[in-house]
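Chemist: Predicted model and sequence below, questions to follow.
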Amino acid sequence: MEKLLVAGGKPLRGTVPISGAKNSAVALIPAAILAESTVILDNLPALSDVETYMTLLGELGAVVSRQGDQMTIDPSAVRSAPMPNGNVKKLRASYYLMGALLGRFGEAVIGLPGGCNFEPRPIDQHIKGFEALGARVSNEYGAIHIRASKLKGAKIYLDVVSVGATINIMLAATRASGITIIENAAKEPEIIDVATLLNAMGAKIKGAGTETIRIEGVDSLSGCRHSIIPDRIQAATYMIAAAATRGDVTVDCVIPKHLEAVTAKLQEMGVHIYEMDESIRVVGQRDYESIDVKALVYPGFATDIQSPMISLLTQTNGISLLTDYVYSNRFSHIPELQRMGARIKVEGRSAIIEGSRLNAAKVRATDLRAGASLVVAGLAVPDGVTEISGVEFIDRGYDRLVANLTELGAEIWREKE
Ligand code: EPZ
């Protein structure tokens, strides 16, 4: 086990290139098994969740290799083996194997997913979608059994806007017979990325990125080459860290449109932002206004960014309110921030954040974005070394974090616990 040490008080300065999106990668990798020939993914992030997925695909018979930021997946020998335990429990996105195996083989047996369990995360909408496509779904001793003699297109209305359910249904419906319509679909950029890959493989998907997605099933899919979109959550975290340290940072290789909600909120606080074609420059200021933030589904302010945003909101001159409308209790970072001197109260699904001076402390990350929040807070502390344990959570979603921050002038390093 390792811990992160952050010596605060250094303004971040320079340019940071942003890697491919984790939440795309963990859907694109399983999507590849729907094809019958080789899929090449470029701009792959170097993350532990991606490594776990490589192993999972290997267990199913795929031949997977990685050279730098490129992954080659030959799915021709994949079979539908039961995966009740082991690596599937290590990450949440293993649930995409349900849709992919169901689409390719008409059956899947998979353990309930693990990953960042910051609160109960049901998968009822995924199951509702599979059943609508004609599958029988049962939960036997903690493993989900999904079987269909024939998958048939259907009209599916999602009761909640869910990224995972939208992608999972899209994966299964791609090889169903007839037309599937997903209503009240999620609109996140990662959904468009998955549809782009599937269409390049020969699928017929229209409307990804809107609330109605139409999928005309096809008999077979073949390999292709695809470049993963930039990670908007990593980019937003560096933007927030730049503001929190009163630095001057350009996040490079990004799609500025994906970051509009974050840009707007930083500007409202008084941060100076300059948008270019594929990069955004963030210039921090000494004084910040307090603001209200609502975490919503895309194109709203992402729930994955609320944790680092709360750390930044401790740096304002007033009282800010952040309400998470996606998850009702994703606040495990708050007791840790309180240890660092933050004055924050939680009421229901809202955090009330009073501007305060942070101090260094020993804190623990209990999930990925809570970890990011503590890194931002550690960087913003005027002096002293913050010790963050639970680094394995941060490694799931931030590649080259220490190297990137060091290049930006931060003093941050890892030590054995
Ligand atoms: C994805 O999770 C992301 N994970 C999460 O990022 C992100 O926080 C979340 O979307 C919301 O944007 C991946 O893409 C791998 P949802 P997902 O289904 O798909 C409820 C990170 O830190 N819901 O969109 O699992 C659910 O409880 C991770 O990178 C149901 O009620 O989230 C939540 O309140 C953490 N029933 C809301 O919908 C369902 O069947 C949105 O969840 C499914 C979801």
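Modeler: Everything's here; your move. Residues are numbered from 1 along each chain as shown.

Chemist: can you give me the strands for the stretch 251-400 of the chain?
Modeler: Secondary structure of the stretch 251-400 of the chain (DSSP state E, counting those that start in this stretch): strands at 272-275, 279-283, 292-295, 319-324, 343-347, 350-354, 362-364, 385-389.

Chemist: Mind giving me the packing neighbours of the shortest one?
Modeler: Contact partners of strand 362-364 among helices and strands, from 3 or more Cβ pairs under 8 Å, 6 or more residues apart in numbering; DSSP states H and E: helix 333-339, strand 385-389. The way it works is simple: take the backbone N, C-alpha and C, and place the C-beta from them, glycine included.

Chemist: before we move on, what about the second one?
Modeler: Secondary-structure packing of strand 279-283 (3+ Cβ pairs under 8 Å, 6+ apart): helix 232-244, strand 248-252, strand 272-275.

Chemist: Phe301 is in contact with Val326, correct?
Modeler: No: if you go by Cβ atoms under 8 Å, Val326 and Phe301 don't touch, sitting 9.8 Å apart.

Chemist: and for those two, which residues touch both?
Modeler: Counting by Cβ atoms under 8 Å, 6 or more residues apart in numbering, the residues touching both Val326 and Phe301 are Ala295.

Chemist: When these two are compared, which one has more neighbours?
Modeler: Phe301 (24 against 20; other Cβ atoms under 10 Å).

Chemist: Next up, the contacts around the more buried one.
Modeler: In this structure, Phe301 makes contact with Ala261, Val262, Lys265, Val293, Lys294, Ala295, Met309, judged by Cβ under 8 Å, 6+ apart.

Chemist: Same question for Asp74.
Modeler: Ser37, Thr38, Ala62, Val63, Val64.

Chemist: Gly103 now?
Modeler: By Cβ under 8 Å, 6+ apart, the neighbours of Gly103 are Leu34, Leu151, Leu171, Ala172, Ala173, Thr174, Arg175, Ala176.

Chemist: Let me see the confidence value for the residue nearest to Asp159 when sequence neighbours are not counted.
Modeler: Spatial nearest neighbour of Asp159, excluding adjacent residues (Cβ to Cβ, 6 or more residues apart in numbering): Gln125 at 6.3 Å. We have a pLDDT of 97 for Gln125.

Chemist: repeat for Thr166
Modeler: Model confidence at Thr166, given as pLDDT, is 98.

Chemist: Equivalent analysis for Val160, please.
Modeler: Confidence score, pLDDT, at Val160: 97.

Chemist: swap in the one 10 residues further on?
Modeler: Met170 is assigned a predicted lDDT (pLDDT) of 98.

Chemist: How about Gly115?
Modeler: Reported pLDDT for Gly115: 67.

Chemist: number of nearby residues for the closest residue to Glu417 other than its chain neighbours?
Modeler: The shortest distance from Glu417 to any non-neighbouring residue, by Cβ to Cβ, 6+ apart, is to Met1 (4.3 Å). Met1 is flanked by 8 other residues according to other Cβ under 10 Å.
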